[in-house]
Structure formats: C-alpha cells, structure tokens
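A.B. asks: sequence first, then the predicted structure, then my questions.
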Amino acid sequence: HKSHALRVTLEFGSQRVIGTDWSVFVDAEMLSDARKHRRYDFSSLRDYLRLVRNKWNHFGELDVRLQRKLGNALQQKSAQKFVHYFTQFTPELLMFCYKLIATHLQQQQQQGGGGTDQRLMQGLKQYFSSIPKYRIGVYREQVCVHRFRAWHQRQ
C-alpha cells in the first residue's frame, strides 16, 4: 500500500541513498534485461530493491554476460557479487535498509502487538548471517538503531 509507513520512510530516503535516477549507474545491459519484464521507476528506492530481488530470484534466466557480472567463475549466483554490483554506487543502501527494518521491527515489539513474525525474523537472520560479526559490532557502536528517524533527518 502506497501510504504504509515503512514504504513512505523507504521512499523518503530514496534521493539520499540512490540519487534521483538510478538508471545512470546501472549498466545498459542490466536495464535492457530489466525492461523486458516490468516497468521501473528510476527515482524509487523500492523499485531499485525490486530490481535486486528480481535479478536474484531469476538469476538462471539472465543472459550469460549478466550471469558473469553477478555470479562466480562457474556462473552460479554469488551473494558477494550481487552486493558489490548493486551497492558499488549506493554505499548507504545496505545499512539504510537494515536500519529501517530494525527500527520497524522494534517499533512493532514496543507497541505490544507481540506481532514480530518469527518467519520474518528467521529470514532476516539467515540473510544477514553472511555479514561478519565484527562489522555488526562496529555498526552497533556507531548507530543507535531505535533512533533511526532522528539519525535519518540529521543526514
């Protein structure tokens, strides 16, 4: 839903995280492939994340050249290559999304809904498990997660 608080906050950070037009840093080959399947709003962070998800989920359907860019030497999906490709021009992307999700989950817990979905939490734990613990420790020292909105407005 367009007015969901999480989506509004996500889009609020779009310009700072991805600029006004992410098509300027995604190569032409990737854009051409993306346009075959759907329309993207190049000013939307949500659509940029959708592109990342779609390329991950449909890796086997990508052209061989794109598989080389996003995969390992055997043309298999590589989380490291994906993260590098999609964050090389958006260095704040990963931490912005992490902070947004962490803040949202914490607010859900504080509202007493008891509604933190365990499947969602398990998925997040699995997804972020490849981030070294020392990096998360550094992050925790640098940022107070539950104060995300105040942090975001200072930037």
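C.D. replies: Perfect, thanks for sending it. Numbering: from 1, shown residues only.

A.B. asks: for residue 77, what are phi and psi?
C.D. replies: phi -50, psi 140 (degrees, to the nearest 10).

A.B. asks: check residue 92 too.
C.D. replies: Dihedral angles (degrees, to the nearest 10) for residue 92: phi -90, psi -10.

A.B. asks: contacts only, for it.
C.D. replies: 16, 17 (CB atoms under 8 Å, 6 or more residues apart in numbering). Where you see a C-beta, it was placed from the backbone N, CA and C, and this is true even at glycine.

A.B. asks: roughly how far apart are it and residue 98?
C.D. replies: 10 Å (CB to CB, to the nearest Å).

A.B. asks: same question, residue 65
C.D. replies: Between residue 65 and residue 98 the computed distance is 31 Å (CB to CB).

A.B. asks: compare those two and say which is more crowded by neighbours.
C.D. replies: residue 98 (19 against 12; other CB atoms under 10 Å).

A.B. asks: what's the mean pLDDT across the helix or strand containing the more buried one?
C.D. replies: In the assignment (DSSP states H and E), residue 98 maps to helix 93-110. The average pLDDT within helix 93-110 is 83.

A.B. asks: list the buried residues for it?
C.D. replies: Residues of helix 93-110 classed as buried: 93, 96, 98, 99, 100, 101, 103, 104, 105 (neighbour count, 16 or more other CB atoms under 10 Å).

A.B. asks: where does the closest residue to residue 23 other than its chain neighbours land in three-state SS?
C.D. replies: The shortest distance from residue 23 to any non-neighbouring residue, by CB to CB, 6 or more residues apart in numbering, is to residue 42 (4.3 Å). Three-state assignment for residue 42 (DSSP: H, G, I helix; E, B strand; the rest coil): coil.
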